[in-house]
Structures are given as structure tokens and as C-alpha cells.
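Q: Quick one, fold the following:
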Amino acid sequence: MVGAGVGGLAAAIATAEAGFDVEVLERAELLSPIGAGLSVWPNGVRALRRLRVADWIDAGGTPFGDAGIHRGREGTLIASTSPEQLRARYGEPIALVHRAELLGALIERLGAERVRLGSPVRSASADGTVRLESGEELRAEIVVGADGIDSAVRDSLLGDGPAEPSGIVAYRAVLGWGSALPAGEYWGVGEVFGLVPLSDGRLYWYAAFREDEHDAREGPPPDPGQLLARLRERFGSWAQPIPAVLQATSPSALLRHPLRDRPPGKRWGAGRVTLLGDAAHPMLPFLGQGACCALEDAVALGESLIAAGEPERGLREYERLRIPRARMLVKRSRSAARAALLARPFLAGLRDDLLGSTPAALRLRQLDRVIGSPLP
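A: Sure thing, here's the model as predicted:
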């Protein structure tokens with residue numbers, strides 16, 4: 001397994017359950033509690049249950065969210081789907097978690113001794129040979145590239161170039177807030193702002209909008225304080241608590257990510273190698289399905305390996321099952337981004353009115369293909 005992110009650790013659990021002796025190669029020297037919040041939708045929670053990693057969600061401390069959308073400046077509710085409605089239809093609600101909490105639960109289930117830190121991978125070959133940047137070579141019965149959007153495994157195996165920039169930049173932070181806030185997404189004209197309450201009184205917020213090519217370049221911001229000041233000015237007239245949340249945010253907590261994705265190809269692997277998660281199908285975050293899709297991948301991988309009885313056949317069956325669904329989610333995430341970031345006031349207003357007039361039952365039916373599809 002290459003990569004100790006959400007998808008890589010989940011896939012390691014699933015392949016261990018399928019009877020393989022698993023080792024996870026991770027570039028980082030330490031598994032630090034970094035990252036931001038995640039909305040794990042019902043399909044992701046179902047996958048965690050299949051992996052037996054969901055007990056901590058039920059332990060009492062994990063907030064559950066809805067699918068509420070508000071007008072950015074007025075704060076008025078456009079449409080909402082409650083956790084109870086989601087649970088009734090899909091069997092689970094949306095669990096609101098910090099990425100570090102999820103990684104910790106996955107590592108505990110897998111066993112930290114199976115994660116080899118400080119082992120960046122340079123390439124992988126279809127015969128199962130993995131080459132580390134140190135020059136060391138390893139051989140494996142199967143290799144799963146779960147090493148993220150800039151996957152070295154993908155590059156060496158498929159050579160199809162980098163993921164495509166979308167022109168959208170996301171800003172994110174986690175801070176201590178204390179008082180309870182409802183989860184919600186606020187839509188404006190070409191802008192989105194989201195609030196996600198986490199356990200222990202923490203709050204995760206995110207903002208997204210399009211920036212020109214110069215501002216949207218890759219790399220850390222040269223001055224987080226200046227960028228945070230721009231965000232405070234940009235969203236200063238939006239409904240509370242958004243201005244207050246930005247005022248309470250420390251520049252050191254600010255994360256900035258130019259968003260990229262890629263159309264899933266017709267194949268993810270060859271021979272003993274396959275891809276999973278962002279290495280296979282990076283998608284824009286406007287459906288909240290990136291981590292959920294990776295968790296689904298992991299379950300499907302483990303079950304395909306068990307059913308096939310022969311590793312390479314199992315990998316190809318996994319790809320056959322997952323590629324069409326990943327392609328659909330990438331396309332729908334792009335469509336959701338276009339809708340959320342409509343830059344013309346008239347069209348944004350029409351979008352809000354249309355969403356607000358859509359019956360809740362119809363909105364749920366529109367979600368069925370995204371979060372209601374049973375795992376293979």
C-alpha cells in the first residue's frame with residue numbers, strides 16, 4: 001500500500017481482511033494530526049461500518065450535520081435536509097469529523113506497526129516492483145497506489161500527466177469555538193462559505209471562489225495574515241457568524257488549496273498494480289464525496305480480492321466496479337461547483353429560488369445516486 005491517508009489506510013484494512021500481509025509506505029516522517037474537517041456522508045459511514053471503524057462515531061461526541069444551504073449575506077435558509085431524514089432514507093446521517101480523528105481510528109484498527117514512515121515511493125511497475133526514493137526496491141503480490149492527487153504510482157504506471165487546475169481556490173481552518181453552531185453552507189454570487197461543527201467545541205470552516213491564474217498558483221501563501229485579512233474583507237458583510245468566525249481565526253491556522261481534478265480514465269492499473277482514492281479519481285469537494293469515495297474504493301477492493309481468489313483478477317474486478325461510479329461523482333462534483341459558484345447575480349438568485357422551491361422528497365431523490373447507492 002502506498003500512502004497512509006484515509007484511502008490508503010482503509011484499503012490496508014480491507015486487504016488485510018482479505019488475507020494479505022499488508023505494509024503501508026508513507027512519505028511523511030511523522031503521522032501528525034494535521035488537516036481539516038470532513039463531512040462523512042452516509043455512504044462513507046456505511047463503508048466505515050463495513051471496515052469495522054465506526055464505533056467511535058457512535059460513542060457520543062461526533063456531531064451530525066444536515067444538508068442545509070443559506071443565502072450568504074442574509075443568512076436565510078434556502079433548503080435543508082435534517083440528519084433524521086438522511087438516517088431514515090440512507091441508514092446513516094452525515095458524521096462531522098476532523099481528518100485526524102478519522103486517521104487515528106483507521107490506524108488503531110490497522111495497527112501502527114504496519115505503517116512504514118519516511119518511505120517516499122518513486123515508482124511502481126506492473127510486476128509489483130516498488131522503488132523508493134532511497135533506491136530500495138520491494139516486491140509485492142499487489143500494489144495499491146493511494147498516494148494522493150500527485151501520485152507517483154500513477155505517474156509511473158499511466159504517465160497521463162498532472163490533474164487539471166479548476167481555477168477555484170479553497171481556504172480552510174479549524175479553531176476553538178465553544179458554543180454550538182449548526183452546520184451549514186452559505187451561497188453568494190461566485191462564493192461559498194461553509195461551517196462544520198466538530199467534537200470538543202471546535203469549528204471547521206471553508207470558503208471557495210475562483211481566483212485568477214496568478215492568485216491561484218500552487219504553493220503556500222506567502223503571507224497568511226494578509227490572505228486572512230482579504231477573506232475578512234470579502235466576507236465582512238455576510239451573515240453572522242461568518243465575520244465573527246473569520247475574526248477569531250488565527251493566520252497560522254489558515255490552509256489554502258488550489259483545487260484540481262481529473263476525468264477518471266478507462267483504466268487505473270496494470271498487472272499487480274491499481275489506484276485508489278485521489279490517485280485514481282481526484283474530485284472537486286462540492287459534493288463532499290472525496291473521502292467517502294475512497295472509503296467505498298477500499299471496501300470494494302477487499303471484497304473483489306476475496307471473491308476473485310486470484311490477486312490480478314481481483315484488481316481488475318475492483319476497477320470494473322469502481323471506475324463508472326468514480327466517473328459519475330467527478331462529473332457531478334464539477335456540476336455542483338458550477339452551480340454553487342455562479343458569478344452572475346441574476347443566475348445565482350434564480351438558483352436559490354429554484355432550490356428553495358424544490359420539495360425535500362425530490363432533493364433526496366436527487367441524492368440517491370450519489371449517497372444512496374449500495375456498496376458492491
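Q: where along the stretch 51-200 of the chain do the helices fall?
A: Applying DSSP state H, counting those that start in this stretch to the stretch 51-200 of the chain gives helices spanning 55-58, 83-90, 99-110, 152-157.
Q: Those: which one's closest to R369?
A: The closest of the helices of the stretch 51-200 of the chain to R369 is helix 83-90. By CB to CB, the value is 12.0 Å. Using the backbone N, CA and C atoms, a C-beta is placed for each residue, glycine as well.
Q: dump the residue contacts of A67.
A: Shown in contact with A67 (CB atoms under 8 Å, 6 or more residues apart in numbering): A79, S80, T81, L86, I94, R363, L367.
Q: Show the pLDDT at it.
A: Note on A67: pLDDT of 80.
Q: Roughly how far does it sit from L246?
A: Here the criterion is CB to CB, to the nearest Å. By it, A67 lies 24 Å from L246.
Q: nearest to F346, of the helices of the stretch 51-200 of the chain?
A: The closest of these to F346 is helix 83-90. By CB to CB, the value is 31.2 Å.
Q: So which elements touch the closest one?
A: helix 42-50, helix 360-367 (3 or more CB pairs under 8 Å, 6 or more residues apart in numbering; DSSP states H and E).
Q: okay, these, which one's buried deepest?
A: Looking across the helices and strands packed on helix 83-90 with neighbours counted as mean count of other CB atoms under 10 Å, the highest average goes to helix 42-50: a mean of 24.
Q: can you map out the helices along the stretch 251-376 of the chain?
A: Using DSSP H, counting those that start in this stretch, helices in the stretch 251-376 of the chain cover 290-308, 311-340, 345-357, 360-367.
Q: Return the set of buried residues in the third one.
A: Within helix 345-357, the residues that qualify as buried are A348, R351, D352, counting by 16 or more other CB atoms under 10 Å.
Q: what do you get for the first one?
A: Across helix 290-308, burial judged by 16+ other CB under 10 Å covers 290-305, 308.
Q: same thing with the second one?
A: Applying a neighbour-count criterion of 16+ other CB under 10 Å, the buried positions in helix 311-340 are 311-312, 314-319, 321-323, 325-327, 329-330, 332-334, 336-337, 340.
Q: Export the helices of the stretch 251-376 of the chain as JSON lines, with columns for mean pLDDT and distance to K266.
A: Shown next, in JSON lines, are the helices of the stretch 251-376 of the chain (pLDDT from 0 to 100; distance: least, CB to CB, whole Å):
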{"stretch": "helix 290-308", "mean pLDDT": "97", "distance to K266": "17"}
{"stretch": "helix 311-340", "mean pLDDT": "96", "distance to K266": "7"}
{"stretch": "helix 345-357", "mean pLDDT": "96", "distance to K266": "33"}
{"stretch": "helix 360-367", "mean pLDDT": "87", "distance to K266": "27"}
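Q: CSV for those, including distance to A16?
A: Below are those laid out as CSV (distance: least, CB to CB, whole Å):
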stretch, distance to A16
helix 290-308, 8
helix 311-340, 14
helix 345-357, 43
helix 360-367, 32
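Q: so which of those helices gets nearest V273?
A: helix 311-340 (7.6 Å).
Q: counting contacts, what elements does the closest one pack onto?
A: Helix 311-340 packs on strand 255-261, strand 273-275, helix 290-308, going by 3+ CB pairs under 8 Å, 6+ apart.
Q: Dump these into CSV; add distance to E185 as well.
A: Below are the helices and strands packed on helix 311-340 laid out as CSV (distance: least, CB to CB, whole Å):
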stretch, distance to E185
strand 255-261, 16
strand 273-275, 30
helix 290-308, 16
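Q: right, and these - which one's nearest S134?
A: So among these, strand 273-275 is nearest, using CB to CB, at 20.0 Å.
Q: returning to what we had before: kindly indicate which of the contacts of A67 lies nearest A112.
A: Closest to A112, out of all of these and judged by CB to CB, is I94, at 28.4 Å.
Q: if I look at the closest one, how far off is G161?
A: In terms of CB to CB, I94 sits 34 Å off from G161.
Q: Next: A239.
A: 41 Å.
Q: More neighbours: which of those two?
A: Using other CB atoms under 10 Å as the criterion, A239 and G161 rank with A239 on top: 17 against 9.
Q: Which residue is the nearest non-sequential neighbour of that one?
A: Nearest non-adjacent residue to A239, counting by CB to CB, 6 or more residues apart in numbering: G75, 2.8 Å away.
Q: phi, psi of the one you found?
A: phi 80, psi 0 (degrees, to the nearest 10).
Q: And it, what's its pLDDT?
A: So, for G75, pLDDT stands at 94.
Q: do L30 as well
A: 86.
Q: Is it part of a helix or strand, or is it coil?
A: Counting by DSSP: H, G, I helix; E, B strand; the rest coil, the backbone at L30 sits in coil.
Q: Contact partners for P120?
A: So P120 contacts L25, R27, L132, E133, S134, A152 (CB under 8 Å, 6+ apart).
Q: pLDDT value on the nearest residue to the second one once chain neighbours are set aside, please?
A: Read it as R27. Among residues not flanking R27 along the chain, P120 sits closest, at 4.1 Å (CB to CB, 6+ apart). The score at P120 is 97. That number is its pLDDT.
Q: hmm, back to that, what's the closest of the helices of the stretch 251-376 of the chain to F209?
A: So among the helices of the stretch 251-376 of the chain, helix 311-340 is nearest, using CB to CB, at 9.8 Å.
Q: just how off-centre is that closest one within its chain?
A: Put simply, helix 311-340 sits 13 Å off its chain's centre (CA atoms, centre = their mean, to the nearest Å).
Q: Poorly predicted segments of the protein, please.
A: Counting by pLDDT under 70, the chain shows low-confidence ranges at 33-35, 212-222, 373-376.
Q: which strand in it runs the most residues?
A: strand 164-176 (DSSP state E).
Q: Buried residues of that strand, list them for me.
A: Neighbour counts over strand 164-176 (16+ other CB under 10 Å) mark S166, G167, I168, V169, A170, Y171, R172, A173, V174, L175 as buried.
Q: Thanks again, I'm all set now.
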